[in-house]
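Colleague: 3D, please:
(2 chains)
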Amino acid sequence: DIQMTQSPSSLSASVGDRVTITCRTSQSISTYLNWYQQKPGKAPNLLIFGASTLQSGVPSRFSGSGSGTDFTLTISSLQREDFATYFCQQSYSAPRTFGQGTKVEIK
Amino acid sequence: EVQLVESGGGLVKPGGSLRLSCVGSGFIFNNYIMSWVRQAPGKGLECVSSISSSSGDIYYADSVKGRFTISRDNAKNSLHLQLNSLRVEDTAVYYCARPGPRGDYWGQGTLVTVSS
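Modeller: Numbering: from 1, shown residues only, chains lettered A, B, ... in the order given. Model (predicted):
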């Protein structure tokens, strides 16, 4: 199985801050990388697929980049509704595996 | 619109059994691999089992192999997970998921609590 290493595990930030979360995979996955946002008691919600393609309806302050083994999720200007947990997921090979998650908290 | 609706969760004692179900709509069910993904309280996400469209290819995580059984009924657009010999560490929200080339669709989840 492909191992996923996501960092940091948590961060504190203020509204308006630029936030960056990274995800590293144990082998090259081209751009088969998805990012999800999860709020308490809810299922994960797809933000980005194919490493950099924004899902319909997702605000443009979210962006993704990377290929191969190193990927980044950036929130350009953090909004109150963005405080949540974020997961990366590889869709290159089965089983699909996930990063450990990054909890974004209010500073 | 793709919809996945899970049912069957609940409270069960260690060693007990449960059967989870998921009904899909808004897509051609028998065209897709389907999966069960779980999330223990405060923890990350783990794909515990998946099944190909024809049921010919099945995956189980090592943590559930020999105890859980996945199945599907394409005529009824339904996916099932039989959970036997349950352990405290199986306590989690279980999500039905439809993997796709543009990310996964998820149900709302069903909570399984294993406790004496």
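Colleague: could you measure residue B:113 against chain A, distance?
Modeller: Note on residue B:113: its distance to chain A, by C-beta to the nearest C-beta, to the nearest Å, is 15 Å. For the C-beta atoms, the positions are set from N, CA and C on the backbone; glycine is no exception.
Colleague: Which strand or helix spans that residue?
Modeller: strand B:110-114 (DSSP states H and E).
Colleague: list the buried ones in that strand?
Modeller: The neighbour-count check on strand B:110-114 (16 or more other C-beta atoms under 10 Å in any protein chain shown) flags B:110, B:112-114 as buried.
Colleague: and the two most separated of those residues?
Modeller: With C-beta to C-beta as the measure, no two of the buried residues of strand B:110-114 lie farther apart than B:110 and B:114, at 13.5 Å.
Colleague: what are the phi and psi angles of the residue positioned nearest the centre of chain A?
Modeller: For chain A, the residue nearest the mean C-alpha position is residue A:35 (3.8 Å; C-alpha atoms, centre = their mean). Dihedral pair for residue A:35: phi -120, psi 140, per degrees, to the nearest 10.
Colleague: Bridge partners for the closest residue in space to it that isn't next to it in sequence, pull those for me.
Modeller: Using C-beta to C-beta, 6 or more residues apart in numbering or on different chains and skipping residues adjacent in sequence, the residue nearest residue A:35 is residue A:48, 4.3 Å away. On the basis of DSSP bridges, residue A:48 is bridged to residue A:35, residue A:54.
Colleague: my guess is residue A:48 meets residue A:54, correct?
Modeller: Yes - in this structure, residue A:48 is within contact of residue A:54 by C-beta atoms under 8 Å, at 6.0 Å.
Colleague: Could you list every helix and strand that the one helix or strand residue B:49 maps to packs against?
Modeller: Per DSSP H and E: residue B:49 is located in strand B:45-51. In terms of contacts (3 or more C-beta pairs under 8 Å, 6 or more residues apart in numbering or on different chains; DSSP states H and E), strand B:45-51 is packed against strand A:97-98, strand B:34-39, strand B:58-60, strand B:68-73, strand B:78-83.
Colleague: Can I get whatever helix or strand comes next after the first one as CSV, trimmed to CA atoms?
Modeller: Next in sequence after strand A:97-98, counting helices and strands by DSSP H and E, comes strand A:102-106. Output in CSV follows, covering the C-alpha atoms of strand A:102-106 (Å, rounded to 0.1, in the frame of the first residue of the first chain):
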residue,chain,number,x,y,z
THR,A,102,-4.3,18.4,9.6
LYS,A,103,-6.5,20.1,12.1
VAL,A,104,-6.7,23.9,11.4
GLU,A,105,-7.6,25.8,14.6
ILE,A,106,-8.3,29.4,15.4
